[in-house]
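> Structure for the following, please:
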Amino acid sequence: MTLPERPLSKLGFLTIGLFDEDDPATGHENTLRMIELGERLGFDSAWLRDRHLQYGISSPVAVLAAATQRTSRIELGTAVIPLGLENPFRLAEDLATVDVLSGGRLNPGVSVGPPTHYDHIKEHLYPDSWDAEDFGRTRVSRLLHNLRGEPVSTFSGQEGIETYSERIQPHSPGLADRLWYGAAGLASAEWAGEQGLNLLTSSVVRAEEDDDFARVQRSHILRFRERHPLGERARVSQGLVVIPTDSASPAQRRKYEEYAHSRHARTTAPQGPGRLLFAPDLVGTSERIARTLTEHAGFQQVDEVVFPLPFTFEYEDYEQILTDIATRLGPLLGWAPTGPGAGG
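You can find the predicted model right below:
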């Protein structure tokens, strides 16, 4: 097959970091091993997703701090941190600290909205202010303010033997420019563009103006770039579930196909009152997946991807999938690995 008109320039992957409740250390260690593997294979980025009160990583920033000490090149991202559970002041301190430790490799992705199952956790999350919390986009604006190094205190200078700053410390120049916003709807994509953010678009969109996933996603990307100061140069990353089977065993292929089949019904029509539309998982040879992607109206608008790994597989499955993505699928999409020893 021929290369796509818009060759892929950045290739990343995403994991929730699944773990056993009785043995969480092994799952977290496997996540760090995957990030190390991603760097050896030449991936441009590795991303973690938040899972609160579940058996996936609840503190991606802490795990990425560990990853900074086990990698040297690969970019590290979050896709996404739901800001409804965060204090933008403290989060900015944590993000800046990890960015400094990584040498400027952090790509924080965030989203807004009430926390999942808020009525069940609100008295533990915000016991004194649960009915007054603002879960809208002002939380993103506050985080941006903090990451840009703008004042957060009216006091600075010397007090006894201690010195105080008026801005978040450490300050990491450039981090605010690497902030990503997860948007599933048209208004969110427009707002992200107007704020000069980067756009994360995933395998879920809101079917507001169309029932075709690819066309809806394409419309979000186009509208985002129309509103963004950088226009066509504004960064957008797409995240569809792709599972190449080139080097998979027969048992793995059956597992992958059964996984995709179990999730297929939700892709046939918009779901629920929010009319959420899910993209089908792409399972098959790298050549087959590449052909499908190059014909996808959303993929045609991007040159960066962050492919989410399926939630419930074993480490050996992830190793096979990541290796096939880096050595077979990526090159078919025009991507080339980077870094010493990349691709092996």
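> Now do the strands in the stretch 51-200 of the chain.
75-82, 106-111, 157-159, 162-164, 180-182, 198-201 (DSSP state E, counting those that start in this stretch).
> Dump the ones you listed to CSV, plus distance to residue 94 and mean pLDDT.
(C-beta placed from N, C-alpha, C; glycine too.) Listed next are the strands of the stretch 51-200 of the chain as CSV, based on distance: least, CB to CB, whole Å; pLDDT from 0 to 100:
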stretch, distance to residue 94, mean pLDDT
strand 75-82, 10, 98
strand 106-111, 10, 98
strand 157-159, 24, 97
strand 162-164, 19, 98
strand 180-182, 16, 98
strand 198-201, 19, 98
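> Can I get those strands in a markdown table including distance to residue 218 and mean neighbour count?
Shown next, in a markdown table, are the strands of the stretch 51-200 of the chain (distance: least, CB to CB, whole Å; neighbours: other CB atoms under 10 Å):
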| stretch | distance to residue 218 | mean neighbour count |
| --- | --- | --- |
| strand 75-82 | 20 | 23 |
| strand 106-111 | 21 | 25 |
| strand 157-159 | 52 | 9 |
| strand 162-164 | 49 | 9 |
| strand 180-182 | 17 | 23 |
| strand 198-201 | 10 | 26 |
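> what's the closest of these to residue 255?
strand 75-82 (24.4 Å; CB to CB).
> any idea where the helices of the stretch 151-300 of the chain begin and end?
Under the criterion DSSP state H, counting those that start in this stretch, the stretch 151-300 of the chain contains helices at 186-194, 213-227, 250-264, 286-294.
> by contact count, what packs against the first one?
Okay, so that is helix 186-194. Judged by 3 or more CB pairs under 8 Å, 6 or more residues apart in numbering; DSSP states H and E, helix 186-194 is in contact with strand 180-182, strand 198-201, helix 213-227.
> Tell me which residues are up against the last one.
The set of residues that contact helix 213-227 without belonging to it, under CB atoms under 8 Å, 6 or more residues apart in numbering, is 183, 185-186, 189-194, 199, 201, 205-210, 231-232, 234, 236, 238, 267, 277-279, 296-302.
> give me every residue that touches the closest residue to residue 146 other than its chain neighbours.
Distances taken as CB to CB, 6 or more residues apart in numbering put residue 92 closest to residue 146, at 3.5 Å, once the chain neighbours are dropped. Counting by CB under 8 Å, 6+ apart, residue 92 touches 143, 146-147, 168.
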